[in-house]
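**Q** Predicted model follows, preceded by the sequence.
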Amino acid sequence: MITIPDLQTSLLDLLREVQGTDIKLIIGGGFGISLKTDLVQRLGMRTLLRE
């Protein structure tokens, strides 16, 4: 099973490969939620939820 850090590394590699092209990556599903949660926590953003 692929782990989140492995998936992040693979997606960053893919992003570097398509950089400078018209290709846009859309990340969704559970991984998209995980990325958004991480961003909110790192930036200390306020949300409607207490945790």
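**A** Yes, it's here.
**Q** how much space between Glu17 and Leu11?
**A** Using CB to CB, to the nearest Å, one gets 11 Å for the distance from Glu17 to Leu11. Using the backbone N, CA and C atoms, a C-beta is placed for each residue, glycine as well.
**Q** where do the contact lists of these two overlap?
**A** Here Glu17 and Leu11 have no joint contacts, going by CB atoms under 8 Å, 6 or more residues apart in numbering.
**Q** can you list contacts of stretch 28-37?
**A** Where contact means CB under 8 Å, 6+ apart, the residues beyond stretch 28-37 that reach it are 4, 7, 27.
**Q** Please convert the residues you listed to TSV, extending it with neighbour count.
**A** Below are the contacts of stretch 28-37 laid out as TSV (neighbours: other CB atoms under 10 Å):
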residue	neighbour count
Ile4	12
Leu7	13
Ile27	13
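**Q** where in this protein is pLDDT low?
**A** Within the chain, the stretches falling below the threshold (pLDDT under 70) are 1, 51.
**Q** next one: phi and psi at Lys24?
**A** In this entry, Lys24 is assigned phi and psi values of phi -120, psi 130 (degrees, to the nearest 10).
**Q** returning to that earlier point: between Glu17 and Leu11, which is the more surrounded one?
**A** Residue environment comparison for Glu17 versus Leu11 gives the larger neighbour count to Leu11, 14 against 10, counting by other CB atoms under 10 Å.
**Q** How about the secondary structure of that one?
**A** Classification of Leu11 by DSSP: H, G, I helix; E, B strand; the rest coil places it in helix.
**Q** Now do the helix or strand harbouring Phe31: distance to the chain's middle.
**A** Taking DSSP states H and E as the criterion, Phe31 maps to helix 29-43. Counting by CA atoms, centre = their mean, to the nearest Å, helix 29-43 is centred 6 Å from the centre of its parent chain.
**Q** Same question for stretch 2-19.
**A** 9 Å.
**Q** Then stretch 10-21?
**A** The chain centroid and the centroid of stretch 10-21 are separated by 13 Å, computed with CA atoms, centre = their mean.
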